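Peer 1: Next comes the sequence, and after it the predicted model I'd like to discuss.
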Amino acid sequence: MTFRRPLIIRPPSEWKSYFLPLTSGCSNNTCTFCGYFGSKLQIRESEEIRKEIDALAALVSYGLDIPGVQISPLDQWDGKRVFLQDGDALAYPFPKLKETLEYLNKKLPNLERIAAYATPQDILRRDVDELSILKKLKLGILYTGLESGSDELLQRVGKGLNSDHVIKATRKAKEAGILMSITVILGLGGVEGSEKHVEDTARVLSEIDPEYAGALTLTLVPGTPLHREWKEGNFHLISPFQSLEELKTIIERANFTNCFFSSMHASNYQAVRGRLPQEKEGVIEELEYVLAKRDPSSLRPEFSRGL
């Protein structure tokens, strides 16, 4: 089967990265809220990946275009970072992944950091020695979805794990020296499950104590089971201001050692960021100001929200 190059879906902080596809789709395709629901994970041939790396290196070093080889857009690339696509790049077979990173470093020796999305399941499949090897090859950060600290909610949305799996996965990555960025989804519990979603999420984030954490706001994707639940009246979306209340409560209740927390993702109604706990008070005051005014015009409009 011909490998289908995935669309660029990335964390906000990776906007200056080069996007190198290793996989397409996600091995955990059962999350009822996700556009990857029901998709089949594709593994790209390593020879094809090397050809793209060769083409990129030729363009960077000599300004040469290699005919017939597609590369990612370079208009924002800083030349220092690479993001491995797609939603589950750590699922790539370890020997081939190691060889790919070795080749990438050889051809682009000025790289400073390689990053990827990774499911907790994929991190748990790797032993610390394997992760340490990847760290030495400049895999510096993994972006992992907790989504919610509520085990009941994780089961309901088909995440395929519980919060303890996420805690164990992040500890294993940290032991290997890899930074972790943990994502949570505001509104995932709906109106009825909001309080428990927020309470458990703040608790689990505190246990993980990541270097980075980010909040997204639930965006219903047509064709997914959760979207159908909403259309049938079995799932009730929280309002934009309720999402900010969830965000404020999570920040208030979570205890971090030194975490950069942000809601800069385009799905959110309000962007805040700050280092916690150092800037916790200021971030909370910013949200309290918006919540007190309740001015819809101060929020990101629906048409500009996205995944």
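Peer 2: Right, received. Where do you want to start?
Peer 1: Roughly how far does the residue nearest to Gly79 when sequence neighbours are not counted sit from Tyr18?
Peer 2: In space, not counting the residues next to it along the chain, Gly79 is nearest to Asn110; the distance is 6.5 Å by C-beta to C-beta, 6 or more residues apart in numbering. In this view, the C-beta of every residue, glycine as well, is placed from N, C-alpha and C. Separation of Asn110 from Tyr18 (C-beta to C-beta, to the nearest Å): 12 Å.
Peer 1: now the helices for the stretch 201-307 of the chain?
Peer 2: For the stretch 201-307 of the chain, helices defined by DSSP state H, counting those that start in this stretch occupy the ranges 225-231, 240-253, 280-293.
Peer 1: now the strands: where do they sit in this protein?
Peer 2: Along the chain, counting by DSSP state E, strands occupy 18-21, 23-24, 42-43, 81-85, 113-117, 139-147, 179-186, 212-217, 259-262, 273-276.
Peer 1: Hmm, Leu101 is touching Leu134, no?
Peer 2: Yes: Leu101 sits in contact with Leu134 when judged by C-beta atoms under 8 Å, with a separation of 6.5 Å.
Peer 1: Next, count neighbours for the residue nearest to Gly79.
Peer 2: 8 (other C-beta atoms under 10 Å).
Peer 1: so it makes contact with Trp77?
Peer 2: No: look at Asn110 against Trp77 with C-beta under 8 Å: they stay out of range, at 12.0 Å.
Peer 1: need the longest helix for this protein.
Peer 2: For the chain, the helix with the greatest residue count under DSSP state H is helix 46-62.
Peer 1: The residue positioned nearest the centre of the chain and Val69: what is the separation?
Peer 2: Nearest to the mean C-alpha position of the chain, by C-alpha atoms, centre = their mean, lies Tyr143 at 4.4 Å. Tyr143 sits 27 Å away from Val69, taking C-beta to C-beta as the criterion.
Peer 1: and what of Ser304?
Peer 2: Applying C-beta to C-beta, the value for Ser304 to Val69 is 34 Å.
Peer 1: Tell me the pLDDT of Lys231.
Peer 2: What the model reports as pLDDT for Lys231 is 96.
Peer 1: And for Glu47?
Peer 2: 95.
Peer 1: re earlier: could I get the strands of the chain as CSV with mean pLDDT and distance to Thr32?
Peer 2: Listed next are those as CSV, based on pLDDT from 0 to 100; distance: least, C-beta to C-beta, whole Å:
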stretch, mean pLDDT, distance to Thr32
strand 18-21, 96, 25
strand 23-24, 91, 21
strand 42-43, 91, 22
strand 81-85, 96, 23
strand 113-117, 96, 19
strand 139-147, 96, 11
strand 179-186, 97, 12
strand 212-217, 96, 15
strand 259-262, 97, 26
strand 273-276, 97, 29
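Peer 1: What is the neighbour count of Gly79?
Peer 2: Taking other C-beta under 10 Å as the neighbour definition, Gly79 ends up with a count of 13.
Peer 1: phi, psi of it?
Peer 2: Reported as degrees, to the nearest 10, the phi and psi values for Gly79 are phi 80, psi 0.
Peer 1: Just to check, it is in contact with Glu112?
Peer 2: No: with contact taken as C-beta under 8 Å, Gly79 and Glu112 are classed as non-touching, separated by 9.1 Å.
Peer 1: distance of the closest residue to Gly189 other than its chain neighbours from Leu220?
Peer 2: Sequence neighbours aside, His197 is the residue nearest to Gly189 in space, at 3.3 Å (criterion: C-beta to C-beta, 6+ apart). As for His197, its distance to Leu220 is 16 Å (criterion: C-beta to C-beta).
Peer 1: More neighbours: those two, which one.
Peer 2: A side-by-side neighbour count of His197 and Leu220, using other C-beta under 10 Å, places His197 first with 27 against 16.
Peer 1: Lovely, talk soon.
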